[in-house]
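J.: fold the following and give me the result.
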Amino acid sequence: MKKLIEFELRKIFSKRLTQTALILILLLSIFLGFSGYQNKFAFDGKSLEGTGKLAVEIDKKIAAKYSGPLTDEKIQQMMSDFKPKSDLHGMNAVYLYQNAMQSAVFAHFSDINGNWNGLHVSDVFGDEKINIGYIDGWLSTSETMAKIFLVLSFIIIITIAPVFCSEYSGIDNIILTSKYGRTKCGTAKTTASIIAVFIITLLVTSLNFLIAFLLYGSDGLDCSILFAPLIYTEGYIPFNITCSTLFKYQFLLAFTGTISVAGITLPISAISKNQMTALVTAAAIYFLPAILPISETNPLFRLIGLFPLYHAQFISLMSIEQMSNGLLYAIWTVPAALIFIGIGVFASYKIFAKHQVL
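T.: Down below sits the predicted model:
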């Protein structure tokens, strides 16, 4: 069985389309990671401003000045330090951006003129303990990975779609099934597919985290995602978790998403007559939830949101209220993924076993 699994893994990774797709997603990860880094901008409010590496250094220096628990005293100090020095010409100061820390404090504690709006930390965040620091780089990385993981799901479909359908008439398949029988061959194919999914997902998630670590360092991983620039404050995750916790959930959802995609693709591969049919059908089913007229406020979204498309677009799942044990609703993707892959493996195994070798 071990040799059969190794043989199936070699076939999966030896396909030119799979190799090309993997190279493209790795290059896309590198491009988007460095592109986001180069597009950073920061101004210290005095004389120093810049983009890319300099912007990150400016933001980190400012963050270090105020790092630690967020207090009313720090709010007052930041509002004083970042008070607009020029006429905003009617623009709401909340939308002013000089640097990440200034944008964060203005998003929560500024009136339209850039003055303190009278709110205290407890008014905005309740009893939550908010630890602040440099988080802009990590949050932009998280947004980038949401795009990458969407592409990753399609890569999994490309990788898994040929597993069964491309070999019903293959000479090596006839020889193997004659020697080992369809039971062992079917088991080897499904096992190799799951292993391949884990390998690809681990490779992509590790590369993206490594790029972020090299560009931004470890600063801010222990800080709350709530005290963030306006772009992340509006429509982002409303719970007080650290950046490191955010990435743990996002990586978990990357794995549950790709495993679920494999669970959808395997039976389609087993029932399809050719690779293109399997690929198109699996992709259509994957993107189906996106066209359903169900909003995120609809109670049915709790069910629809467990489909793999929303694992990649993790913000919707992460925004559903916490459960009584303090865990986020997104944790339900784990049993959902097990159901998807369980049904997928069983169905593909049965379909493949009944297929007659011509």
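J.: using PDB, list the CA coordinates for stretch 136-155.
T.: Listed next in PDB are the C-alpha coordinates belonging to stretch 136-155 (Å, rounded to 0.1, in the frame of the first residue of the first chain):
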ATOM      1  CA  ASP A 136      -0.300  47.200  10.100                       C
ATOM      2  CA  GLY A 137       2.000  44.800   8.300                       C
ATOM      3  CA  TRP A 138       0.400  41.700   9.700                       C
ATOM      4  CA  LEU A 139      -3.100  42.800   9.000                       C
ATOM      5  CA  SER A 140      -2.200  43.700   5.400                       C
ATOM      6  CA  THR A 141      -0.600  40.200   5.100                       C
ATOM      7  CA  SER A 142      -3.800  38.600   6.400                       C
ATOM      8  CA  GLU A 143      -5.800  40.400   3.700                       C
ATOM      9  CA  THR A 144      -3.300  39.300   1.100                       C
ATOM     10  CA  MET A 145      -3.500  35.700   2.200                       C
ATOM     11  CA  ALA A 146      -7.300  35.700   1.900                       C
ATOM     12  CA  LYS A 147      -6.700  36.300  -1.900                       C
ATOM     13  CA  ILE A 148      -3.900  33.700  -2.000                       C
ATOM     14  CA  PHE A 149      -6.100  31.100  -0.300                       C
ATOM     15  CA  LEU A 150      -8.800  31.700  -2.800                       C
ATOM     16  CA  VAL A 151      -6.400  30.900  -5.600                       C
ATOM     17  CA  LEU A 152      -5.100  28.000  -3.500                       C
ATOM     18  CA  SER A 153      -8.500  26.400  -3.500                       C
ATOM     19  CA  PHE A 154      -8.500  26.400  -7.300                       C
ATOM     20  CA  ILE A 155      -5.000  24.900  -7.300                       C
END
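J.: mean confidence for that stretch?
T.: In this model, stretch 136-155 has a mean pLDDT of 95.
J.: residues contacting T201?
T.: T201 makes contact with 152, 156, 254-255, 258 under the criterion C-beta atoms under 8 Å, 6 or more residues apart in numbering. C-beta here means a position set from N, CA and C on the backbone, and glycine is covered the same way.
J.: if I look at F149, how far off is Q38?
T.: Distance, F149 to Q38, using C-beta to C-beta, to the nearest Å: 22 Å.
J.: who's more crowded, those two?
T.: The neighbour count for F149 versus Q38, taken as other C-beta atoms under 10 Å, is higher for F149 (27 against 12).
J.: where does pLDDT dip in the stretch 51-200 of the chain?
T.: 166-183 (pLDDT under 70).
J.: can you pull the phi/psi pair for I241?
T.: Per-residue torsions, I241: phi -130, psi 160 (degrees, to the nearest 10).
J.: right, and it touches S224 too?
T.: Yes: in this structure, I241 is within contact of S224 by C-beta atoms under 8 Å, at 7.2 Å.
J.: pick out whichever of these two has more residues nearby.
T.: S224 (24 against 17).
J.: for that one, grab phi and psi.
T.: Note on S224: backbone dihedrals following degrees, to the nearest 10 are phi -70, psi 140.
J.: so it bridges to which residues?
T.: For S224, the beta-bridge partners are T242 (DSSP bridges).
J.: tell me where the stretch 151-300 of the chain has helices.
T.: 162-165, 171-216, 230-233, 243-271, 275-291 (DSSP state H, counting those that start in this stretch).
J.: just put those helices in CSV and tack on distance to W332.
T.: Formatted as CSV, the helices of the stretch 151-300 of the chain follow (distance: least, C-beta to C-beta, whole Å):
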stretch, distance to W332
helix 162-165, 28
helix 171-216, 19
helix 230-233, 24
helix 243-271, 9
helix 275-291, 15
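J.: mind checking these for the one nearest to F106?
T.: Smallest distance to F106 across the helices of the stretch 151-300 of the chain (C-beta to C-beta): 7.3 Å, for helix 230-233.
J.: need the contact list for I156.
T.: By C-beta under 8 Å, 6+ apart, the neighbours of I156 are 197, 200-201, 258, 261-262, 265.
J.: and those residues, which two are the farthest apart?
T.: T201 and T265 (14.0 Å).
J.: excluding its backbone neighbours, what's nearest D219?
T.: Spatial nearest neighbour of D219, chain neighbours left out: Y134 (4.6 Å); criterion: C-beta to C-beta, 6 or more residues apart in numbering.
J.: run through the stretch 201-350 of the chain and note the low-pLDDT ranges.
T.: Counting by pLDDT under 70, the stretch 201-350 of the chain has low-confidence residues at 234-235, 322-326.
J.: what do you get if the cut-off is 80, keeping everything else the same?
T.: Scanning the stretch 201-350 of the chain for pLDDT under 80 picks out the ranges 233-236, 296-297, 321-327.
J.: excluding chain neighbours, what is closest to A282?
T.: Closest to A282 by C-beta to C-beta, 6+ apart is T265, at 4.3 Å.
J.: element containing the most centrally placed residue in the chain, please.
T.: Centroid-nearest residue in the chain: A146, 3.6 Å away (criterion: C-alpha atoms, centre = their mean). Per DSSP states H and E: A146 is located in helix 136-160.
J.: cool, thanks, talk later.
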